[in-house]
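Novice: Quick one, fold the following:
(2 chains)
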Number of protein chains: 2
Amino acid sequence: MEFFWAHGFRGAGMAELVGHLGIGRQSLYATFGSKRGLYLRAIDHYRRTRLSQVLALLDRPGPPLEHVRKAVRFFEKLALDQGMRGCFVANALLEVGDGDEELRAFLQDTLQLLEGAYRKALTAARKRGDLPADRSPRALARALTNASIGLAVTGRLGQGKAVVADVYAGTLAMLDSGTPAAVADSGGDPG
Amino acid sequence: MEFFWAHGFRGAGMAELVGHLGIGRQSLYATFGSKRGLYLRAIDHYRRTRLSQVLALLDRPGPPLEHVRKAVRFFEKLALDQGMRGCFVANALLEVGDGDEELRAFLQDTLQLLEGAYRKALTAARKRGDLPADRSPRALARALTNASIGLAVTGRLGQGKAVVADVYAGTLAMLDSGTPAAVADSGGDPG
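Specialist: Numbering: from 1, shown residues only, chains lettered A, B, ... in the order given. Model prediction:
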């Protein structure tokens, strides 16, 4: 997985991949069928490990809006990843776009897991009165999923901490109802 | 440009590229130096055409918050692009991440143009009282730039109109101050 993460699907040469895994080309084909098969397995591994952490976080007992903030913070951290590799799933979005219907459906399904978890937490928050009654958990969950992808993608750019912190604060502004200082300027900068 | 857009940088074979452009390989190298040189020129072309449209939109006289909404809508349309090609700049983010410092700086600069234009419009909106005084134009501009990238990226997934409309509505919720029906549910769906 680490290898694909750094090099992408098309960037990962078969020879280097085989060398990285320390297995023969033949056993790779025997086990995964193809480089693409291995790639799908790597995305699945990401889903069952990293993404599952975020989903579990969103499903915990306690104040749901806090969990939502922490989940977005997970993607903020991803955007600050020193290796600038970005997010494995987001990278995959762009690696194999055209024609590969199975991969597209798999990635869409992966994003829907995140969207569903955001939405469940936001619905609970609205029931508790932590989210204004006029806000749509569905729309906000989709906007947060989109923002999470944005953060995951810009991780590759190596943006500074201040920029990413602003993205976090600005994005979470969609959750509040204009309470003072919700997205106050972080410094003396006049806008 | 269209060719890179559909195939990406690494996916664009030199032979196909030469065939697509209808020029010889030698004249391609003579004009652009390399495939990468041509790729950088293509991104620059995108900046001077498509992105410039958005920047001009944000700089128009009239209610600045309306312009901001229209600019985000531009990216909403990109996400609904039938060809599912996503955004050229966002694609480039993932195509060539590692090591290519010149491309990274060029892409970061491109995103800063968008962020700056959002920020100028949001600052004007706050001066007019259209944006709550406690909101940071800088943080919101960065969050909107991030959301725009998210939309540009998910274009490759071929999301449905309803999803993209929700992303738009949810994202713009960061601009309002909890006024009723700002991000109301779009249907009878309970959350």
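Novice: Could you list the low-pLDDT ranges of chain A?
Specialist: In the predicted model, chain A carries pLDDT under 70 at residues A:1-33, A:82-91, A:93-99, A:177-191.
Novice: If we use 80, what do you get?
Specialist: By pLDDT under 80, the low-scoring segments of chain A are A:1-40, A:42-43, A:81-100, A:153-158, A:176-191.
Novice: now the strands for it?
Specialist: Assigned by DSSP state E, chain A shows no strands.
Novice: now the helices for chain A?
Specialist: All helices of chain A, identified by DSSP state H, fall at A:2-7, A:14-21, A:25-32, A:35-46, A:52-58, A:64-79, A:88-95, A:101-127, A:137-154, A:161-172.
Novice: Most tightly packed of the ones you listed?
Specialist: The highest mean neighbour count among the helices of chain A, using mean count of other C-beta atoms under 10 Å in any protein chain shown, belongs to helix A:137-154: a mean of 28. Yep, even glycine has a C-beta here, placed from its N, CA and C like the rest.
Novice: and it, does that touch chain B?
Specialist: Yes. Helix A:137-154 reaches chain B (C-beta under 8 Å from any C-beta of the partner chain) through A:137-151, A:153-154.
Novice: what's the angle from that helix to helix B:161-172?
Specialist: Per axes from the mean of the first three to the mean of the last three C-alpha atoms, to 10 degrees, the angle that helix A:137-154 makes with helix B:161-172 is 80 degrees.
Novice: Show me what helix A:137-154 is packed against.
Specialist: Counting contacts by 3 or more C-beta pairs under 8 Å, 6 or more residues apart in numbering or on different chains; DSSP states H and E, helix A:137-154 packs against helix A:64-79, helix A:88-95, helix A:101-127, helix A:161-172, helix B:88-95, helix B:137-154, helix B:161-172.
Novice: and of these, who's closest to residue B:131?
Specialist: Ranking the helices and strands packed on helix A:137-154 by proximity to residue B:131 (C-beta to C-beta) places helix B:137-154 first, at 7.3 Å.
Novice: between the closest one and helix B:101-127, how many degrees?
Specialist: For helix B:137-154 against helix B:101-127, the angle by the same axes, to 10 degrees is 130 degrees.
Novice: For helix B:137-154, list the C-alpha coordinates in CSV.
Specialist: Taking C-alpha atoms only, helix B:137-154 is exported to CSV below (Å, rounded to 0.1, in the frame of the first residue of the first chain):
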residue,chain,number,x,y,z
PRO,B,137,-12.5,36.4,4.9
ARG,B,138,-9.2,34.7,4.8
ALA,B,139,-10.3,31.5,6.5
LEU,B,140,-13.5,31.4,4.4
ALA,B,141,-11.6,32.0,1.2
ARG,B,142,-9.2,29.2,2.0
ALA,B,143,-12.1,26.9,2.9
LEU,B,144,-13.9,27.8,-0.4
THR,B,145,-10.8,27.2,-2.4
ASN,B,146,-10.5,23.8,-0.7
ALA,B,147,-14.2,23.0,-1.4
SER,B,148,-13.6,24.1,-5.1
ILE,B,149,-10.8,21.6,-5.3
GLY,B,150,-13.0,18.9,-3.8
LEU,B,151,-15.7,19.6,-6.4
ALA,B,152,-13.2,19.6,-9.2
VAL,B,153,-11.8,16.3,-8.0
THR,B,154,-15.1,14.5,-7.5
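Novice: quick one: it to helix B:64-79, angle?
Specialist: Helix B:137-154 runs at 20 degrees relative to helix B:64-79, counting by the same axes, to 10 degrees.
Novice: Relative to residue A:102, how far out is residue A:37?
Specialist: 11 Å (C-beta to C-beta, to the nearest Å).
Novice: need the helices of chain A in TSV with distance to residue B:164, can you?
Specialist: Formatted as TSV, the helices of chain A follow (distance: least, C-beta to C-beta, whole Å):
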stretch	distance to residue B:164
helix A:2-7	28
helix A:14-21	35
helix A:25-32	34
helix A:35-46	23
helix A:52-58	22
helix A:64-79	20
helix A:88-95	15
helix A:101-127	13
helix A:137-154	8
helix A:161-172	17
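Novice: out of those helices, which comes closest to residue B:112?
Specialist: Closest to residue B:112 of the helices of chain A, according to C-beta to C-beta: helix A:161-172, at 9.3 Å.
Novice: unless I'm mixing things up, residue A:70 is touching residue A:56, no?
Specialist: No. Counting by C-beta atoms under 8 Å, residue A:70 stays clear of residue A:56, with 11.1 Å between them.
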